[in-house]
Every structure is written in structure tokens, then in C-alpha cells.
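Enquirer: give me the fold of what follows.
(2 chains)
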Amino acid sequence: MTQFTDLGLAKPLLKALADEGYTQPTPIQAQAIPGVMAGRDLLGIAQTGTGKTAAFALPILHRLAEDRRPAPRRSARVLVLSPTRELATQIGESFKAYGRHLGISVAVVFGGVKYGGQMRALAGGVDVLVATPGRLLDHLQEKSMTLEGVETFVLDEADQMLDMGFIVPIRRIVKFLPKRRQNLFFSATMPAEIEALTGEILNPNPLKVSVTPQATTVERINQKVLFVEQQRKRALLAELFDDASFKRVIVFTRTKRGADRVARGLEQVGIDAAAIHGDKSQGQRERALAAFKAGDVRALVATDIAARGIDIDAVSHVVQFELPNVPEAYVHRIGRTARAGADGSAVAFCADDERGLLKDIEKVTRQRIPSFDRRNDRHLGAATAAMPEPTRAERPERTQGGRPQGGRAQGSRGQGQAQPHRGEHKPKPNRNHSAPKPGHRHEGGPARAAEGQKADGYRGPRRRRRRGAGGGQGASA
DNA sequence: AAAAAAT
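Expert: Reported below is the predicted structural model:
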């Protein structure tokens, strides 16, 4: 087996690796390090969890160590672009850890924080700059930073950048880079747009490295699916936490509001939890992550902001409170556990209307996930059973077929109750009951009011309606 | 359809 000591890395790097207890490179590291050290471009098809960050950080640091020169003012010798602030922070920390005996300088630049500190950090130049695209472009356009003198450019998680609409900003950033440079390009998948981008960014004939972590990481994760009614998910989640092995748990929700709600729900039953999502301030995001890492809270409730890349030690369980709309996200989410050789478990909740998503996930991952039916558990959500019959005024409008959606006993949603469930699942059309029908006269009256009074205590829409316009990606829809 | 990222 290849050892780090066989790769010809500079002594101070080997020392830092030994400090951390690393002796053997992962496959992507063994394949990528020699070529990148020699100055070649790299196209890496790899997800996080493969040791990707070290695969580029180590050879880059080696090159910096071999060729000492002052970093250009207001600029950097190495630029790394990352899709999220958390991942950028983490990459910066890796460079600092591996480069600790080299005396190299690292700066991280992203939005949500003041400009002054970032400008001061860059004033005299840094060796390594890690940035998210938006704020970096801002600095470039304001000329408070330049990219002249960048020797190596790293684009991490390119496919996630695409999903987040960063392709245009990236093209703009690349225009600020010197023509002659080394490029390292990483993506978990290769959709056509990303393929095209590789052609624009990379020099001809790059070293290609492809590693699929599924076989190695995902295999060690103990996965299961629990079928449960949507309105009893919170009770089931609380029950899971009765098990002391649920020490350090990431709970994924589909929406930002959902993350807040689930975190509050856990707090209500005495389980310390913190929520993290893109609507939280940068300070809140950092505090939540720090509290979770320190073990001050057992649960980190997160949107897919934390699905990729985030590397937290000893996450015992990943719970998917809702299944993701994009099947690939399932794999990213569960990959937050069982890291660095540890064990880990992944539990996914699946409500009746999520069966289709589960099918997609099983197709994409080419696996059958063991499932358990936790619907109609008597001890769960007792309050729900005690729900009063809806009063006359709250009764839903009679629908065409004359069936006023039966099965009132369990919760008021009426989703999928129409058919008695048998052992196996038949795909059912599951039409959208609440869609307003043309020709209905009443202005969102009784039926809607009833919708607002949910078993979980959710009272009506508390979302402030924001005016759509503004910035963002609205135009495309 | 939602989330992330620049304000």
C-alpha cells in the first residue's frame, strides 16, 4: 500500500499529517497528488468523503513550499472556490492544519460578514484564498481584490455550483484569472453544462481521477426507512432520541421554516437542538455549528445547506425528517455520518406522499433500503387521536366524486387514507385535494380555515408574504 | 419545488 511518505511530499507536510495521525492516502489522494505536485491540471469526479480536500490541499501546499515567493498584494497565489460558506471555512481550516509547519497564510472570504476584515486580510497578499463566488466577485468588481498572480485555481463541488446558479459568476471570476495557471476541477457528477465548463477552464489533457465513494462509505452506513404519517413525524423523532445512542444527530428538513419548527419541537421535549439554514445570520450559523461540534446540543436541524461537504466528527445518526426532492441529496445527506472510519446510521422518514421520492432514491442508489411501517403506532402522537370532530363549518367541500375524504380519525390531512394500506405499496396517483377548483365560489373560506388547524398545533400561515421581485433567480421561472 | 449565494 502507498504511504504518504512515498509521495515525495515536503517534510513539514508529512509532519502535519503525522500530527493528525494520517499515514495512508485515500485512493483519490494517491492518484491525484503526484500529478498535481508536478503542475498538471486535474479533473476529479469525486464527492466529499473521499478525502478530496487533502487531495488538492497537500500537493498545492507542496508547490507553495517548494517555490517560496511573496504573495501578490490584494491577491493570492492559490484561489479555491466553494459553493457554501461552511464548506469554504472548512477548506480554509484544512489548509491551515496541513500547512501549519510551513508558515503559509490562508484567508477565507464570503458574504454575510463585513468587508473591512476581508480587505485587511488580503491587503498584503495571502498564499491561499478560499471564497464563495458572490462576495469574491463583489471584491473583484470593486477592485478591492485582484486575481492577478494566481498560480493555481480550484473549483470545488462544481455541480452544486451549477444547482445554485453560480455558473455565470464563475465564468466572470475566471475572466479575472491569468491565462497561464494550473486548474483543479472537482464535481460529483458530470451533467452537460459542467462538462462544457471543464472545457472552458481546464488546460488540454488534464489528469482524470474518478472515485465513487458509494462502495466504501455508504456501505458502512446502517440505513433504514420508517413509514410514518406526516403529522406524527415529530413524535417519532422525539421517540428516536429516547435511545442514548442518538448522541450527535443531524436532522434534515426540506425547508428552512421546517428546520426551525423541528428544532423548536425538539427543544419542547427537552432535547437540545440548533437549527442551521440559509436564512440564519452568519453568526447564528457559526454558533449552531460550533455548539453541535462541541456537543452542547444533540441535534443539528438543517436544510440541505449541510447536506454536502460538511465534515463533523462522530455524527452518530442522520435523520431525514423529509425525503429530499432530488434523489442525489439522499446520498449526500447520509454521507454526513460514518466519516473517517466511524460507524453511523441513517434513518429516513417517509410519509405516504413521499413514496414516489423513495422509489426514485432506491433507483438512483441501486439499493433497497430496509423499511419499517410505523404508521398507526398507538403510542405516538396521542394528542392527534383526541382531535375533535370538525364542526360543520370546517367540513371540507364535497368533491366531485361525492367522497368527503374519509378517514377523519387520524389527523386532518386525509392524504392517502382513502385506501386501506396493505403490506406492499401500490403507486397511487395522490391527486392534490386542496387545489382550488375553478367554479368554486367561496373565497378560500371554510376548507382553508380547517387546513390551518393542524394536529401538530400549526395555526395558520405565519409566513410573512414577501414581495417576490428583488434579486435572485426569479426570472427563470 | 427548495435551497444556497452579494446587497
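
Enquirer: and the residue of the stretch 151-300 of chain A found nearest DNA strand B, how many neighbours?
Expert: Proximity of the stretch 151-300 of chain A to DNA strand B (C-beta to the nearest atom of the strand) peaks at A:G278, 2.3 Å away. C-beta: built from backbone N, CA, C; applies to glycine. Per other C-beta atoms under 10 Å, the neighbour tally for A:G278 reads 13.

Enquirer: tell me the secondary structure at it.
Expert: With DSSP: H, G, I helix; E, B strand; the rest coil as the basis, the three-state label of A:G278 is coil.

Enquirer: who's in contact with it?
Expert: Residues counted as contacts of A:G278 (C-beta atoms under 8 Å, 6 or more residues apart in numbering) are A:K256, A:T303, A:I305.

Enquirer: cutoff 10 Å now
Expert: Counting by C-beta atoms under 10 Å, 6 or more residues apart in numbering, A:G278 touches A:T84, A:R85, A:G112, A:K256, A:A259, A:R285, A:T303, A:D304, A:I305.

Enquirer: pLDDT value on it, please?
Expert: At A:G278, the model reports a pLDDT of 92.

Enquirer: need the residues of chain A near DNA strand B, please.
Expert: A:83-86, A:110-112, A:132-138, A:141, A:163-166, A:169, A:254-258, A:277-279, A:303-305, A:325-326, A:471-473 (C-beta under 7 Å from any atom of the strand).

Enquirer: buried ones among the residues you listed?
Expert: When the residues of chain A next to DNA strand B are checked for burial by 16 or more other C-beta atoms under 10 Å, the buried set is A:83-86, A:110, A:132-133, A:135-138, A:163-164, A:166, A:169, A:254, A:256, A:258, A:277, A:303-305.

Enquirer: just to revisit the earlier point, give me the subset of the contacts of A:G278 lying in helices.
Expert: Among the contacts of A:G278, the ones falling in helices (DSSP state H) are A:R85, A:K256, A:A259, A:R285.

Enquirer: which non-adjacent residue is nearest the last one?
Expert: So the one you mean is A:R285. A:I276 (5.5 Å; C-beta to C-beta, 6 or more residues apart in numbering).

Enquirer: repeat that for the second one.
Expert: Residue nearest to A:K256 in three dimensions, not counting chain neighbours: A:H277, with 4.2 Å by C-beta to C-beta, 6+ apart.

Enquirer: so what's that neighbour up against?
Expert: A:253, A:255-260, A:263, A:284-285, A:288, A:301-306.

Enquirer: for A:D243, same thing?
Expert: A:S316, A:H317 are the contacts of A:D243 under C-beta under 10 Å, 6+ apart.

Enquirer: can you point out the buried residues in stretch A:117-137?
Expert: Quick answer for stretch A:117-137 (16+ other C-beta under 10 Å): A:118, A:121-122, A:125-133, A:135-137.

Enquirer: and the end-to-end length of that stretch?
Expert: 16 Å (C-alpha to C-alpha, to the nearest Å).

Enquirer: quick check on whichever residue of the stretch 51-200 of chain A sits closest to DNA strand B: phi, psi?
Expert: Nearest residue of the stretch 51-200 of chain A to DNA strand B: A:G134, at 2.1 Å (C-beta to the nearest atom of the strand). Dihedral angles of A:G134 (phi, psi; degrees, to the nearest 10) stand at phi -60, psi -60.

Enquirer: pretty sure it sits against A:P169.
Expert: Yes - assessed by C-beta atoms under 10 Å, A:G134 is found in contact with A:P169 at 6.5 Å.

Enquirer: give me the number of residues near the residue nearest to A:R285?
Expert: Neighbour tally, A:I276, other C-beta under 10 Å: 25.

Enquirer: enumerate the beta-bridge partners assigned to it.
Expert: A:A302 (DSSP bridges).

Enquirer: that one contacts A:L289, doesn't it?
Expert: Yes - A:I276 lies in contact with A:L289 (C-beta under 10 Å); the separation is 6.4 Å.

Enquirer: okay, and the common contacts of these two?
Expert: What both A:I276 and A:L289 touch, as defined by C-beta under 10 Å, 6+ apart, is the set A:E86, A:L300, A:A302, A:A306, A:I310.

Enquirer: most neighbours among the residues you listed, please name it.
Expert: Ranking those using other C-beta under 10 Å puts A:A302 first, with 30 neighbours.

Enquirer: identify the residues contacting that residue.
Expert: Per C-beta under 10 Å, 6+ apart, neighbours of A:A302: A:86, A:250-253, A:256, A:259, A:262-263, A:274-277, A:285, A:288-289, A:292, A:310, A:318, A:321, A:333, A:336.

Enquirer: also A:H332?
Expert: Here A:H332 is in contact with A:47-49, A:160, A:188, A:252, A:304, A:306-310, A:324, A:326 (C-beta under 10 Å, 6+ apart).

Enquirer: tell me the buried residues in the host helix or strand of it?
Expert: Using DSSP states H and E, A:H332 sits within helix A:327-334. The neighbour-count check on helix A:327-334 (16+ other C-beta under 10 Å) flags A:P327, A:E328, A:A329, A:Y330, A:V331, A:H332, A:R333, A:I334 as buried.

Enquirer: between those, which sits nearest DNA strand B?
Expert: Of the buried residues of helix A:327-334, the one sitting nearest to DNA strand B (C-beta to the nearest atom of the strand) turns out to be A:A329, at 8.0 Å.

Enquirer: please report how far the closest one lies from A:R77.
Expert: 35 Å (C-beta to C-beta, to the nearest Å).

Enquirer: A:A32 is in contact with A:A38, correct?
Expert: No - between A:A38 and A:A32 no contact is recorded; they are 11.0 Å apart, counting by C-beta under 10 Å.

Enquirer: anything in contact with each of those two?
Expert: If you check A:A38 and A:A32 against C-beta under 10 Å, 6+ apart, the residues they both contact are A:P59, A:L207.

Enquirer: okay, the two: which has more neighbours?
Expert: Neighbour count, other C-beta under 10 Å: between A:A38 and A:A32, A:A32 has more, with 29 against 12.

Enquirer: excluding chain neighbours, what is closest to that one?
Expert: Closest to A:A32 by C-beta to C-beta, 6+ apart is A:A55, at 4.4 Å.

Enquirer: would the one you found count as being in a helix?
Expert: Yes - per three-state DSSP, A:A55 lies within a helix segment.

Enquirer: how many other residues sit next to it?
Expert: 27.

Enquirer: also A:V364?
Expert: When neighbours are counted by other C-beta under 10 Å, A:V364 comes out with 13.

Enquirer: is it in a helix, a strand, or coil?
Expert: Classified using three-state DSSP, A:V364 is helix.

Enquirer: ok, A:P27 touching A:I33?
Expert: No - look at A:P27 against A:I33 with C-beta under 10 Å: they stay out of range, at 11.1 Å.

Enquirer: what touches both of these two?
Expert: With C-beta under 10 Å, 6+ apart as the test, A:P27 and A:I33 both reach A:T2, A:A55.
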